[in-house]
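Colleague: Model the following, please.
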Amino acid sequence: MIKRGKPVVYYHSVTPAANLFLQKKWDEKMYDIHRRNVMSAKARIDNRLSDFHIKFNFHLKDIRKQSEKRRQEEIAKLNQEMLRNILNVKGQISRFIGTNPPVTQKTRSKSATVRSTKDGNGRTTTTTKQSRLIIRPQTAPLQLRKCKVKTNPPWY
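Modeller: Numbering: from 1, shown residues only. This is a model prediction of the structure:
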């Protein structure tokens, strides 16, 4: 047997009916009414939040925002500190061009009395009373020749 065209779809009603076309129309209408009733159904139990809980949730949200803001500020501060530490690493040539390197404050303290004297070469030397460590004045910075150096752009 050769099949031609679209297959025929028959409507099978649940209840017996004399006219299948009227029964199909009736069933579709009843189904639409049923779907509308289901969509418009509402819960009988009121499970909404009370006014107190709504205000409390807003208050918690504000607290979370403030703590997040504080955390972001702390992260920014730590990032700046890390950047400062990275830039202060010794061994950078370009940092001291034209300036003297800073004197470390390890040998000096606030309570120490500082005494300066002249040695035989005319240099002034500074000694502290507590540690008796000699702090020699910084020498003149290295005079570097000007040359073109390829540098990478900053990482930040």
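
Colleague: any idea which helix is longest in the protein?
Modeller: Ranked by residue count and defined by DSSP state H, the top helix of the chain is helix 51-87.

Colleague: and that one, what does it pack onto?
Modeller: Contact here means 3 or more Cβ pairs under 8 Å, 6 or more residues apart in numbering; DSSP states H and E; on that basis helix 51-87 packs against no helix or strand. Where you see a C-beta, it was placed from the backbone N, CA and C, and this is true even at glycine.

Colleague: Which residue ranges of the chain form strands?
Modeller: Using DSSP state E, the strands of the chain run over residues 114-118, 124-128, 134-135.

Colleague: Now the first one: average pLDDT?
Modeller: Mean per-residue pLDDT for strand 114-118: 60.

Colleague: Check stretch 43-59 too.
Modeller: So the average pLDDT for stretch 43-59 ends up being 83.

Colleague: In that stretch, which residues are buried?
Modeller: Neighbour-count burial for stretch 43-59, counted by 16 or more other Cβ atoms under 10 Å, picks out no residue.

Colleague: For that stretch, output the C-alpha coordinates as PDB.
Modeller: Extracted C-alpha coordinates of stretch 43-59, given in PDB (Å, rounded to 0.1, in the frame of the first residue of the first chain):
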ATOM      1  CA  ALA A  43      -2.300  30.800  47.500                       C
ATOM      2  CA  ARG A  44      -4.600  30.700  50.500                       C
ATOM      3  CA  ILE A  45      -1.800  31.000  53.000                       C
ATOM      4  CA  ASP A  46      -0.100  34.400  53.300                       C
ATOM      5  CA  ASN A  47       3.600  33.700  53.200                       C
ATOM      6  CA  ARG A  48       4.800  37.200  52.500                       C
ATOM      7  CA  LEU A  49       7.500  38.900  54.600                       C
ATOM      8  CA  SER A  50       6.300  41.200  57.400                       C
ATOM      9  CA  ASP A  51       7.200  44.900  57.300                       C
ATOM     10  CA  PHE A  52       9.800  44.300  60.000                       C
ATOM     11  CA  HIS A  53      11.600  41.600  58.000                       C
ATOM     12  CA  ILE A  54      11.600  43.800  54.900                       C
ATOM     13  CA  LYS A  55      13.200  46.700  56.800                       C
ATOM     14  CA  PHE A  56      15.600  44.400  58.500                       C
ATOM     15  CA  ASN A  57      16.700  42.900  55.100                       C
ATOM     16  CA  PHE A  58      17.300  46.500  53.800                       C
ATOM     17  CA  HIS A  59      19.400  47.200  56.900                       C
END
